[in-house]
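S.K.: quick one, structure for this:
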Amino acid sequence: GTSVSDVFSRRTSCRSFSGGELSLREVSQILSAVRANRVANTTVEDQKLWFRPFPSGGGLYPTEVYVASRHVPELGTGIFHYDPRSHALAQLADKIPFSALKAALGDTDDLSLGAGLVIFVTMLPERTVVKYSYRGYRFALMEAGIVPIMLNIAATGLGIGCLHWGGFLDDKVNGLLGLDGISEIAVSCLIIGRASND
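M.R.: Sure thing, here's the model as predicted:
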């Protein structure tokens, strides 16, 4: 029942999180902003094209989404990879200590202390470079900017605080997510949770 203009007018950077819990339903709704929303058949047998609700050069989708859960009781603490086709989370690691997450974020001010979760957006440039050569990097970067905005707007629509965080340490985040930092690279980060004034 919330209008798009109202969501845009309420969008702001939250810099103080209360530590309040998020429900799995709320996490699901936030991730719905980037889930596959339609599928098309191809001329290749058993091959389908899965489209998402944002533009992507050639429909190649060089971005991936990972979730570090902190205050989501139905998930527990851990690192998850999001599958936009099945709208499901696959656990990659459990019991991630806050100190490790804080160090990877480069969060010296404890901004993430009360966050419900942290979302990382990664990029696999080869997915677009294979078709568009060096221009594929541009397309991948464009998408890497769009995906966090989609997630931020979804959180805002639910009345959940969100902070785009650019201070993360690339090597530590890549290590936390199990990425090589070459074929797949962490490019964006969102800290999400209940605002402390809720």
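
S.K.: okay, CA-based contacts and neighbour counts for the rest of this
M.R.: OK.

S.K.: which parts of the chain are helices?
M.R.: Taking DSSP state H, the helices of the chain run over residues 4-10, 24-31, 98-105, 126-132, 135-157, 170-177.

S.K.: export these to TSV and append columns for mean neighbour count, distance to residue 87 and mean pLDDT.
M.R.: Formatted as TSV, the helices of the chain follow (neighbours: other CA atoms under 10 Å; distance: least, CA to CA, whole Å; pLDDT from 0 to 100):
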stretch	mean neighbour count	distance to residue 87	mean pLDDT
helix 4-10	12	23	92
helix 24-31	17	8	98
helix 98-105	16	24	93
helix 126-132	17	21	95
helix 135-157	19	14	96
helix 170-177	18	19	95
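
S.K.: quick one: closest of the ones you listed to residue 117.
M.R.: Ranking the helices of the chain by distance to residue 117, with CA to CA as the measure, places helix 24-31 first at 8.8 Å.

S.K.: contacts for the closest one next, please.
M.R.: Helix 24-31 is contacted from outside by 72, 73, 74, 75, 87, 151, 154, 155, 158, using CA atoms under 8 Å, 6 or more residues apart in numbering.

S.K.: surely the fifth one touches residue 34?
M.R.: No: with contact defined as CA atoms under 8 Å, residue 87 does not reach residue 34; the gap is 9.2 Å.

S.K.: okay, those two: which has more neighbours?
M.R.: residue 34 (25 against 13; other CA atoms under 10 Å).

S.K.: neighbouring strands of the strand ranked longest in the chain in the sheet, and parallel or not?
M.R.: Longest strand in the chain, counting residues (DSSP state E): strand 185-193. When pairs are called by DSSP bridges, strand 185-193 turns out to pair with strand 117-123 (antiparallel), strand 161-164 (antiparallel).

S.K.: make TSV from those strands and add mean neighbour count and mean pLDDT to it.
M.R.: Converted to TSV, the strands paired with strand 185-193 look like this (neighbours: other CA atoms under 10 Å; pLDDT from 0 to 100):
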stretch	mean neighbour count	mean pLDDT
strand 117-123	23	97
strand 161-164	24	97
